[in-house]
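Visitor: Build me a model:
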Amino acid sequence: MISRLFGSLLLLSISQSLSAQSAPAAAPVPMSQRMADAFIGWHPDSILIGTRKTARWDYEQGLMLKAMERVWQRSGDPKYFTYIKKDLDQFVQKDGSIRTYKTEDYNLDNLTTGHALLLLAQTSVPDNQKYAKAAQLLRKQLDGQPRTKEGGFWHKKIYENQMWLDGLYMAEPFYAEYSQVFNQPAGFDDIAKQFALIEKNLVDSKTGLLYHGYDESRQQQWANKTTGQSPNFWDRGIGWYSMALVDVLDYFPQNHPQRPAIVKALQRLAPVLAKYQDSKTGTWSLVMAQESRKGNYAEASGSSMFVYALAKGVRMGYLDKSFAKVAQKGYDGLVKSFVATEPTGALAFNGTVSVGGLGGKPYRDGSYEYYLSEPLRKNDLKGVGPFILASTEMEIAAENALGQSKTVGLDYHFNHEMRKNPITGEQEQWHYTWEERTHGGFWLWGNQFRELGAKTVAVPAAPTAASLKKLSVYIIVDPDTRKESPSPNYITPAHSNVITDWVRGGGTLVLFANDTANSETRHFNQLAKNFGVQFTDQSVNMVKGDQFEQGKVDLTSGKAVFKNAKTAYVKELAVLSAQAPAQPLVTNGGKVIMATAKLGKGRVFVLGDPWLYNEYVDGRKIPAEYQNFQAGKDLANWLLTAK
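Guide: Numbers count the residues shown, from 1 in each chain. Just a heads-up that it's a prediction; the model follows:
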């Protein structure tokens, strides 16, 4: 999405911020990880907000846990996931109740941490039902949340008749993800209404910027008696809104009639943000549209939020590619203006305004002088979290040109296991699917493809020449036996012919089988033989308990595919036999573990195990010496570079 030149500039900006102690031979640690590590250093046991002495359920907590989740997904390092779970377990009780949370406050800020609850509810962790129950508790708050006459959520019960920009980030992405996970589509209509009301009541027709808040009753001292709007454009308020726009679209159904309106709101806002970006520093001012006024200054949290929203908007295809340059300039400005290195080598983040609100005691009148009166804080989480999120997006932008215009299809026909969804109880396909986030799914590997710029899709029907023509990569994993599916769909000679013709014409095929006791290999081998490969009856790496060394595979002979990973863990797999056009890629104890083949303009990768499912790439189970996460990314790179 962003040029190779930008990738070089990003790496340069990262290297310039590295401490002198960094080993010159080591690859630079991504900025997102360095700042996440600094945060964990400040808050090793619990997240303390501001000057508080005790931890409590809070939106800054939710913001940081979202940032930790993204760093975990990007790095495969389990310490970030472990941090999320450790923090939540200080609050979430076995019955799903949440310590320090009070529904009766009807405070939208309290919903932000719901994302982390939904993450753990969908992953393989002990007692994950309690996180689902806690998410249901938060969702129940919305049923009683006071609303304006038009149907907009009050920001808090104590702020009567008021909608604030902040509330869109606090509530709507969680509300949308919950609606998706619990299959409650009516929620999306309500979510769309919230954005529509903000666009109607808070957008300034002259500047395109959004006022911080709106009082439907016009009773507040800060409210314009005609419009109900607060008097100024606060950067972080607009930042919360911009992040809400790009994040809610992650869950909004593609065919929902109001989805285009949300995209349009983002497209309306993006050129406005570009207009008010400082031409020299790339940052944005605390009070926007008054940049030259005395006392105004570049503010870190809003600037980070804008970079995140613009970069993600470009990556997801919502915004024109030209906004990548705005994001690049903004990110360079963040690194130069706000990122510092402590004597220890850890990062610090400066320049975040402590708070910004309307009304309350003491009364906040929304004036220019009020916003400037709030103090700046070092390492304030409202700046640190968005900076980490912005960093992940810019790191993705530096590498995602590889998969542009390419589609990776995962077979859901030959592998078609069904179960009851553990959250909704509804029937669903599972096991080796893109959507599945528990141990047996391919969500994390799919995310690597997506962050390399490719599109991932399910292939629910038997392959045809027409359906395969749309794919750059086609992955078939562990076709069903009768034990797995009462009526399995076997690969037929006709299927083999159409797949082989597709490869010969330039397609890239992945064949993942399983050990002999858990795979339908007879029909699968009819396809594999067209490429010189057979899954044999011999299974190896039969690991006992946690004796992980029994699953060790040396990848160094497979450098053609595995450019970075050197050691992997693969358990209970079928040994391959390979003859022309196939070639052994990785051998283990003299046995062929992985093979590749070229046929016509296409190529094939073959392994006798599903291997890259979440359990063995998320970093939480196997020792760190096994580089399955990196190996998955290496393989994705190889598959997407196929000619």
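
Visitor: Is there a neighbour count for the closest residue in space to Asp37 that isn't next to it in sequence? I'd like the number.
Guide: Leaving out its chain neighbours, the residue that sits closest to Asp37 by CB to CB, 6 or more residues apart in numbering is Ala346, at 7.1 Å. Just so you know, the C-beta spots here come from the backbone N, C-alpha and C atoms, and that holds for glycine as well. Ala346 has 17 neighbours, counted by other CB atoms under 10 Å.

Visitor: I'd say Ala346 and Phe39 touch.
Guide: No. The criterion here is CB atoms under 8 Å, and Ala346 misses it with Phe39 at 9.7 Å.

Visitor: Give me the residue ranges of the stretch 501-643 of the chain where confidence is low.
Guide: Residue ranges of the stretch 501-643 of the chain with pLDDT under 70: 643.

Visitor: Can you show me the strands along it?
Guide: Along the stretch 501-643 of the chain, the stretches classed as strands by DSSP state E, counting those that start in this stretch are 508-512, 533-540, 552-554, 567-569, 573-578, 582-588, 591-599, 602-607.

Visitor: Just tell me which of the ones you listed ends up closest to Thr123.
Guide: Thr123 sits nearest to strand 567-569 of all the strands of the stretch 501-643 of the chain, at 19.3 Å, using CB to CB.

Visitor: Which residues does stretch 179-194 contact?
Guide: If you take CB atoms under 8 Å, 6 or more residues apart in numbering as the criterion, stretch 179-194 is touched by 118, 121-122, 135-136, 139, 151-153, 163, 168, 171-172, 175-176, 178, 248, 251-253, 256, 258-259, 261-262, 423-424, 426.

Visitor: Could you rerun that using 7 Å?
Guide: 118, 122, 151-153, 168, 172, 175-176, 248, 251-253, 256, 258, 261-262, 423-424, 426 (CB atoms under 7 Å, 6 or more residues apart in numbering).

Visitor: What subset of the residues you listed is buried?
Guide: 118, 122, 152-153, 168, 172, 175-176, 248, 251-252, 258, 262, 423 (16 or more other CB atoms under 10 Å).

Visitor: ok, now how distant is Gly409 from Lys53?
Guide: Per CB to CB, to the nearest Å, Gly409 is found 53 Å from Lys53.

Visitor: more crowded one of those two?
Guide: Gly409 (23 against 5).

Visitor: Tell me what that one is bridged to.
Guide: Per DSSP bridges, the residues bridged to Gly409 are Val457, Tyr474.

Visitor: mind listing what's buried in stretch 90-97?
Guide: Phe91, Val92, Gly96.

Visitor: and the gap between the residue lying closest to the second one once chain neighbours are set aside and Gln448?
Guide: Looking back up the chat, that one is Val92. Distance criterion CB to CB, 6+ apart; nearest residue to Val92, sequence neighbours excluded, is Ala134 at 4.8 Å. From Ala134 across to Gln448, the span is 29 Å (CB to CB).

Visitor: now do Ser97
Guide: Ser97 is 36 Å from Gln448, by CB to CB.

Visitor: so what's the residue nearest in space to the middle of the chain up against?
Guide: In the chain, the centroid-proximal residue (CA atoms, centre = their mean) is Arg70; its distance is 5.2 Å. Going by CB under 7 Å, 6+ apart, Arg70 touches Leu389, Thr392.

Visitor: Residues in contact with stretch 601-610: which ones?
Guide: Taking CB under 7 Å, 6+ apart as the rule, stretch 601-610 contacts 432, 477-478, 503-514, 528, 531, 533, 535, 570, 572-576, 593-597, 635, 639, 642-643.

Visitor: Going by neighbour count, list what's buried in that stretch.
Guide: Going by neighbour count (16+ other CB under 10 Å), the buried part of stretch 601-610 is Gly602, Arg603, Val604, Phe605, Val606, Leu607, Gly608, Asp609, Pro610.

Visitor: Only C-alpha atoms, please: export it in PDB.
Guide: C-alpha atoms of stretch 601-610 as PDB (Å, rounded to 0.1, in the frame of the first residue of the first chain):
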ATOM      1  CA  LYS A 601       4.000 -21.700 -14.100                       C
ATOM      2  CA  GLY A 602       2.900 -22.700 -10.600                       C
ATOM      3  CA  ARG A 603       4.300 -24.300  -7.500                       C
ATOM      4  CA  VAL A 604       3.300 -26.400  -4.600                       C
ATOM      5  CA  PHE A 605       4.200 -26.700  -0.900                       C
ATOM      6  CA  VAL A 606       3.500 -30.000   0.900                       C
ATOM      7  CA  LEU A 607       3.700 -31.000   4.600                       C
ATOM      8  CA  GLY A 608       2.100 -34.000   6.400                       C
ATOM      9  CA  ASP A 609       0.600 -31.900   9.200                       C
ATOM     10  CA  PRO A 610      -1.700 -28.800   9.600                       C
END
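
Visitor: Next, check the contacts of stretch 179-194 against the strands and list the overlap.
Guide: Among those, no residue falls in strands (DSSP state E).

Visitor: Do you have the helices of the stretch 301-450 of the chain handy? List them.
Guide: All helices of the stretch 301-450 of the chain, identified by DSSP state H, counting those that start in this stretch, fall at 323-338, 368-373, 381-397, 443-451.

Visitor: What strand or helix carries Met163?
Guide: Assigned by DSSP states H and E, Met163 belongs to strand 162-164.

Visitor: any chance of the helices of the stretch 301-450 of the chain in CSV, plus mean pLDDT and mean neighbour count?
Guide: Below are those laid out as CSV (pLDDT from 0 to 100; neighbours: other CB atoms under 10 Å):
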stretch, mean pLDDT, mean neighbour count
helix 323-338, 98, 22
helix 368-373, 98, 16
helix 381-397, 98, 27
helix 443-451, 98, 23
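
Visitor: Which stretch among the ones you listed approaches Thr352 most closely?
Guide: Going by CB to CB, the one of the helices of the stretch 301-450 of the chain nearest Thr352 is helix 381-397, 3.2 Å.

Visitor: now what about the closest one, what contacts it?
Guide: So helix 381-397 is contacted by 1-2, 6, 10, 30-32, 35-36, 39, 49, 60, 63-64, 67, 70-71, 74, 236, 239, 300-301, 304-305, 307-308, 311-312, 315, 324, 327, 331, 334, 349, 351-352, 451 (CB under 7 Å, 6+ apart).

Visitor: now Ala465: how far from Val473?
Guide: 16 Å.

Visitor: same thing with Gly152?
Guide: From Gly152 to Val473 the distance is 44 Å (CB to CB).

Visitor: the bottom helix or strand of the chain by mean pLDDT?
Guide: The helix or strand of the chain with the poorest confidence is helix 4-17; it has a mean of 44 (mean pLDDT, DSSP states H and E).

Visitor: centre of the chain versus the helix or strand following it, how much separation?
Guide: For helix 4-17, the following helix or strand on the C-terminal side (DSSP H and E) is helix 31-42. How far helix 31-42 lies from its chain's middle: 18 Å, per CA atoms, centre = their mean, to the nearest Å.

Visitor: what angle do helix 31-42 and helix 323-338 make?
Guide: Using axes from the mean of the first three to the mean of the last three CA atoms, to 10 degrees, the direction of helix 31-42 lies 40 degrees away from that of helix 323-338.

Visitor: Give the rounded mean pLDDT of the next helix or strand after helix 31-42.
Guide: Downstream of helix 31-42, the first helix or strand assigned by DSSP H and E is helix 59-75. In this model, helix 59-75 has a mean pLDDT of 98.

Visitor: How far off centre is helix 59-75?
Guide: Relative to its chain's centre, helix 59-75 lies at 9 Å (CA atoms, centre = their mean).
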